[in-house]
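K.L.:
quick one: sequence plus predicted model below, questions after.
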Amino acid sequence: MQADRAASPSATPLFETINVSKHYGAYRALNNVSFGVSDGEFVSIVGPNGAGKTTLVNVVTGLLRPTVGEVRFLGKDIAGVGPVELARLGMSRAFQLVNIFPALSVRETLAVAVASRLRRISNPFRSLRRDDVLQADVGRVAGVLGLGAKLDTVASTLSQGEKKLLDIASAFALNPTVILLDEPTSGVSTGDKHAIMEVLVTAAKAAGVRAIVQVEHDMDLVERYSHRIVALHEGTVLADMPPDAFFADPAMISAVVGTRPKTLRKAP
Ligand SMILES: Nc1ncnc2c1ncn2[C@@H]1O[C@H](COP(=O)(O)OP(=O)(O)OP(=O)(O)O)[C@@H](O)[C@H]1O
Ligand SMILES: [Mg+2]
């Protein structure tokens, strides 16, 4: 999927938000946001701290209900479906702050995710370890994400980059159609960021993932990997365009590489 700008996404979006607003009390975190993601796309959501990027991912993945508006996935309104059922339908995500259980090994972490997909979550770890089908899938997912040699490593002792990959692997373990990643490379060195992105894009191709959406602050990565950039600013969509157009606009770049707005936006 990497920089395959010739990819011609179909007209019907895999998922879309339609006039979505999200208020936290009097505070407007998202304001009338409409955007869609189509087959074959790698879309980056960018914007300064506090722009509403994580809120948008949370709304799209069912963790938050929009205050106003609609979210559609594969043509269906998914309001109230919730993240677990949405993951079953094929939408999965990785989190801004790595969401791993530090005491579990890579194998155990992925086993939990695979078991949830295979609906074997009620089984204790002992029986998961003896479940050959499940363990084969754990090995496959770990291998695709470059963690094949780390299966018996305890998560807390992984490097930051490996923790990020484990979080991404957990999302892949759900066999997603669409994957959303909230800052998949935050907190890792520049060299490791590129390595993570390469693994991610290769893994997505191998796993048949049909679209990737990432929130990303690193503009080098955004430019290199995205087919399209959605720029949020103070909860509204400032731009939705290909990277060439985005990076040709210095005012746009400075609006995106900004700082947290000092004033709160009040809902009417
Ligand atoms: N649960 C909440 N209650 C009240 N305000 C919130 C809540 N969650 C987020 N906010 C506020 O909403 C705004 C958008 O937050 P969000 O986390 O979506 O931003 P972001 O673009 O992901 O920022 P960052 O780049 O720092 O991760 C911020 O001002 C944040 O403080
Ligand atoms: Mg965020």
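P.N.:
In hand now; what should we look at? Since we're looking at a predicted model, the values are computed, not measured. Numbers count the residues shown, from 1 in each chain. Ligands and ions are numbered 1, 2, ... in the order given.

K.L.:
only C-alpha atoms for contact and neighbour calcs from this point on.
P.N.:
OK.

K.L.:
following element in sequence after the lowest-mean-pLDDT helix or strand in the chain, please.
P.N.:
Sorting the helices and strands of the chain by mean pLDDT, DSSP states H and E puts helix 125-129 at the bottom, at a mean of 65. Next helix or strand after helix 125-129 toward the C-terminus (DSSP states H and E): helix 132-144.

K.L.:
so which residues make contact with that following helix?
P.N.:
With Cα atoms under 8 Å, 6 or more residues apart in numbering as the contact definition, helix 132-144 has outside contacts at 107, 110-111, 114-115, 128-129, 148, 151, 169, 172-173, 199, 203, 206.

K.L.:
which members of the residues you listed are classed as buried?
P.N.:
Neighbour-count burial (16 or more other Cα atoms under 10 Å) applied to the contacts of helix 132-144 gives 107, 110-111, 114-115, 128, 148, 151, 169, 172-173, 203.

K.L.:
from the residues you listed, which two are the most distant?
P.N.:
Greatest spatial distance in those: Leu128 and Ala203, 24.2 Å, computed using Cα to Cα.

K.L.:
hang on, the earlier thing: run through the contacts of helix 132-144 and flag the ones next to ligand 1.
P.N.:
Subset of these in contact with ligand 1: empty, counting by Cα under 6 Å from any ligand atom.

K.L.:
in helices only, show me those.
P.N.:
Using DSSP state H, the members of these that fall in helices are 107, 110-111, 114-115, 128-129, 169, 172, 199, 203, 206.

K.L.:
what's the burial count for Gly75?
P.N.:
When neighbours are defined as other Cα atoms under 10 Å, Gly75 has 12 of them.

K.L.:
just the pLDDT for it.
P.N.:
If you check Gly75, the pLDDT there is 89.

K.L.:
ok, now Val37?
P.N.:
96.

K.L.:
still on that earlier bit, which one of the contacts of helix 132-144 is nearest Phe246?
P.N.:
Taking Cα to Cα as the measure, Phe246 lies nearest Val199 of the contacts of helix 132-144, at 25.3 Å.

K.L.:
what's near enough to touch the closest one?
P.N.:
144-146.

K.L.:
which of those residues are close to ligand 1?
P.N.:
Counting by Cα under 6 Å from any ligand atom, no member of these is near ligand 1.

K.L.:
ranking these by neighbours, who comes first?
P.N.:
Within those, neighbour counts (other Cα under 10 Å) peak at Leu145, which reaches 23 neighbours.

K.L.:
I'd guessed that one sits against Lys163; true?
P.N.:
No - counting by Cα atoms under 8 Å, Lys163 is not a contact partner of Leu145; they are 11.3 Å apart.

K.L.:
quick one, grab the pLDDT at whichever residue of the stretch 51-200 of the chain sits closest to ligand 1.
P.N.:
In the stretch 51-200 of the chain, the residue that lies nearest ligand 1 is Gly52 (3.2 Å; Cα to the nearest ligand atom). With respect to pLDDT, Gly52 has a value of 96.
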